[in-house]
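Colleague: Dropping a prediction and its sequence here:
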Amino acid sequence: MTTVRLADYRPAPYLLSRTDLTVRLWADHAVVEAALAFAPNPAAAEPAPAPLRLAGVDLAVESLAIDGSPLGPSDIAKDAVGVTIHQPPQRPFVLQTRVRIAPHTNTTLEGLYVSGGLFTTQCEAEGFRRITLHPDRPDLLSRFRVRIEAEQASCPVLLCNGNCVETGHLEGGRHYAIWDDPFPKPSYLFALVAGDLEEVRQPFTTASGRTVQLRLHVEPGDRPYTGHAMASLQRAMRWDEQRYGLEYDLDEYNIVAVRHFNMGAMENKSLNIFNSKLVLADGETATDGELERIESVIAHEYFHNWTGNRITCRDWFQLSLKEGLTVFRDQSFTADLHGASLNRIENVAMLRNTQFREDAGPTAHPVQPDAYQAIDNFYTTTIYEKGAEVIRMLHTLLGEETFMQGMALYVSRLDGSAATCDDFVRAMEYAANEAWNTGGPTAEHPRFDFEQFRRWYHQAGTPVLQIQRHWDGERGELELHILQHTPATPGQPQKQPVVVPLAIGLVGQGGAPLTPRLDAETPEQAKASKLPVCWGHGSRLLVIDQAETRLRFTGLPSQHHPPALSLLRQFSAPVKLELGRPVAELVHLLAHDSDPLARWDAGQLLLRRAVLARSQGHGDGQLEDELVDAFARILSDPSLSQASRAVLLSLPGQAELEDAASDAGIAPDPPALFAAGQTLRQHLGQALASPLRQLLQDCQQQWALSWPEGQADRRLTGLIWNWRITAGDASVIEQARRAVDGASMSLARLALAALQCHDLPQRHSASAAFYARWQHKPVILDSWFALEASAPFGDGLARVQRLLEHPRYDPNAPNSVRAVLGGLAGNAPVFHASDGSGYRFMAEQIAALDQRNPITASRLAKVLSRWRSYGPERSATMRSALEQLAAAELSPNTREVVEQCLAD
Ligand SMILES: [Zn+2]
């Protein structure tokens, strides 16, 4: 395996201005002819004449010529991953190639492949080299013109990037289409689709008055399920015009839904290809959560047209340049449409359960990595979600106005180019300096050091703020002593302090915000205006950028206990806090904190403690009594929305619970934590029986409303069902059973989830009914596969084995694989069984999957990465499953992950 290093980046020796392709599709193969217009790069690092390297994987090369003269064996060197031309001309020239490929037997789902009779492509990151010989590097932007030829009957629709400029008939029942894309693009944004598809079309008028045809292409019969995706696309286009002033630039915008797809969706210029589960949906076939996710993914891919396509990445180390920024943009879009606070809470819960876990394990890497073996392994929550958090911190520190000025500068400077993460930060730095030089730093937007901020891109690991406080009740003075450190991660033993924007508040008795004076520790700090002097809306943004910081708040009311400390409001930085807070203080914050995120977080801390205590075999009765009282108040508080109730009462995810155990110095025991969560739900369901029953009746009034209306009531219904079924409520069991037959997919799936953990006749009949109803809809059936695979009772592995042999299970569809094997990984009692059987089973499955689809296999392999965090026995069995995997024949992708997991 070769390691690619950022430090080795060099500009390409030859620029590429045009990529002209002719793609002939046949019933059992395809032939691709390419004409690539090269010219020596005046900015090349190597002295001329440099060799020209063309990448090519699984291609049968039939011919190679320069300006019409064939290249002989002595002119080139061929290897398994491409061709080198030793001495290309030192003037502009055209390289002509002809290759033969086998899309029908391509199960990797990279390059050109066939999914259910449909020819389709996936080129990011390095799939284009499976279609034709090409430099295939993101910093080479060329103009594409593509002629597609195929049989008319089986492939009536021929799609590519850009505008269709010509179509026509050919002999033998074949036809062709020529597509021209006026915007130069890197090869990873190329896409081609050919097949029998139905189209839904709607016009969109841009802000400047141009008409764009929006076209959605789906398999025959799926047209009724396209309305939501089409409406979502239009909302996204309008939002990007209004918030960012960015308008669409071509005459048409195509989306194709494909069943076999490794990712969620792909932003190829003007021809987005989507996993069909992220397109096909309505209230009867998708849950509220799925509808919102579809809306956000459609928006995400659309937003890439500017942040990703028009401004692309110079190399794959810059992946977060487009992904972090675009995730930030899609999160802002969802927040604007559906409410900022709840959206933020959901994103933070997701970050903690996935990215924090990655940051603490053997595959931890910075937002901008400096080396990789398989780039496909870096499509991670660190690149995407932590990358978005880094952008969000800039937004928080600079404020909307300055951030948008930086954004406008970024777009105007770099449009049409391949850029780096640092190009983005530089644009923000320029805008910040402008703002600071004219208006000066303000209380809400303090000055900070950009050079130090850049460490967020280069240091892996989740920074920890250790906070100690000293309260002088007589004088009303509160001192905070904040120590910042980031744990060591693979390859990075030592870390430097980062710039942490820390939003805090002090919550007095009755919930009143307190606004004491803040004394800067040193005159320098005060002069640098790092410590703002006033409070906006009871919150204050501090910049914590030293290993050690001391702050003193004066003028607080004299009282015995310190005022409740509300920290990391709005989750102002992706960090962990270590601070001893008594139960009474957290209960006070849960009742009164005006910041929705900090309020939710106080409840999460209490719930984590309660689950952890139960998992240790001794429930904390006093804490649980406090929780019951606090939740009773939340259930009856008329000022709270159903949506707020639903999030405040949700238990932390399994990954967070394991993390909480590790933080408390206890080796996590996943089955025990899972069981503890269940018995806590049972206790809460019993103790709060009466208000829950009342609330369930209120929610029921809103069940029939269409998304987004009624979604909070449905979500709360699911939570109440879950708690009451766990508490053994026979009437709720029957109600949930009936909901599975009803018209709402949300309620049906919430009911299945609520019945999921109980070996009851109603659970089995609900599952059977759901299967019978949806067995012919693979997108929906995947959710049934996931539920069955994660049922925590009976012989779990035997059930999973039966699912893998089920006639409706499609081993070539990543969605189905993830449903069954991902479901197993989330099934704590079965996957983490103490005899190691779950781990061994998983290792066997990953090794087999790796033969067909390395990208999906290597992602799945990360479920075995946490072996070091468990107790000795579990740790040894998980490690031996990894060794079993390491002994198998593996793709470079999976080998890289397995070796990272086993590395000392
Ligand atoms: Zn993306």
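Modeller: Received, thanks.

Colleague: what residues are up against the residue in the stretch 451-600 of the chain positioned nearest to the ion?
Modeller: Taking Cβ to the ion, the ion has its nearest neighbour within the stretch 451-600 of the chain at residue 457, 17.8 Å off. C-betas here are computed from N, CA, C, even on glycine. Residues in contact with residue 457 (Cβ atoms under 8 Å, 6 or more residues apart in numbering) are 320, 366-368, 390, 421-422, 425.

Colleague: could you redo the last one with a cut-off of 7 Å?
Modeller: 366-368, 390, 421 (Cβ atoms under 7 Å, 6 or more residues apart in numbering).

Colleague: Kindly report the same for residue 310.
Modeller: 415-416.

Colleague: measure it to residue 16 for me?
Modeller: Residue 310 sits 18 Å away from residue 16, taking Cβ to Cβ, to the nearest Å as the criterion.

Colleague: ditto for residue 643
Modeller: Taking Cβ to Cβ, one finds residue 643 at 51 Å from residue 16.

Colleague: out of those two, which sits in the busier spot?
Modeller: residue 16 (22 against 18; other Cβ atoms under 10 Å).

Colleague: just checking, that one is part of a strand?
Modeller: Yes: looking at residue 16 with DSSP: H, G, I helix; E, B strand; the rest coil, it is inside a strand.

Colleague: Test my guess that it contacts residue 36.
Modeller: Yes: here residue 16 reaches residue 36: they are 6.0 Å apart, a contact under Cβ atoms under 7 Å.

Colleague: Now residue 11: closest residue in space, sequence neighbours ignored.
Modeller: Closest residue in space to residue 11, ignoring its immediate chain neighbours: residue 43 at 5.1 Å, by Cβ to Cβ, 6 or more residues apart in numbering.

Colleague: which residues in the stretch 101-250 of the chain form helices?
Modeller: Along the stretch 101-250 of the chain, counting by DSSP state H, counting those that start in this stretch, helices occupy 227-244.

Colleague: Show me the strands in it, by range?
Modeller: Assigned by DSSP state E, counting those that start in this stretch, the stretch 101-250 of the chain shows strands spanning 111-115, 118-122, 142-151, 157-160, 163-170, 174-185, 192-195, 198-205, 211-218.

Colleague: Same list (the ones you listed) but as TSV, adding mean neighbour count, mean pLDDT and distance to the ion.
Modeller: What follows is the strands of the stretch 101-250 of the chain, written out as TSV (neighbours: other Cβ atoms under 10 Å; pLDDT from 0 to 100; distance: least, Cβ to the ion, whole Å):
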stretch	mean neighbour count	mean pLDDT	distance to the ion
strand 111-115	22	96	19
strand 118-122	24	97	13
strand 142-151	20	98	21
strand 157-160	24	98	20
strand 163-170	12	97	24
strand 174-185	19	98	15
strand 192-195	25	98	19
strand 198-205	14	97	21
strand 211-218	19	97	19
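
Colleague: Check the secondary structure at residue 696 for me.
Modeller: Taken by three-state DSSP, the conformation at residue 696 corresponds to helix.

Colleague: what's the closest of the strands of the stretch 101-250 of the chain to residue 305?
Modeller: strand 174-185 (9.5 Å; Cβ to Cβ).

Colleague: Sheet-wise, list the partners of that closest one with their directions.
Modeller: If you go by DSSP bridges, strand 174-185 pairs up with strand 142-151 (antiparallel), strand 163-170 (antiparallel).

Colleague: Outside of the longest one itself, list whatever touches it.
Modeller: Applying Cβ under 7 Å, 6+ apart, the contact partners of strand 142-151 are 16-25, 158, 160-162, 170, 173-174, 176-181, 184-185, 190, 192, 194.
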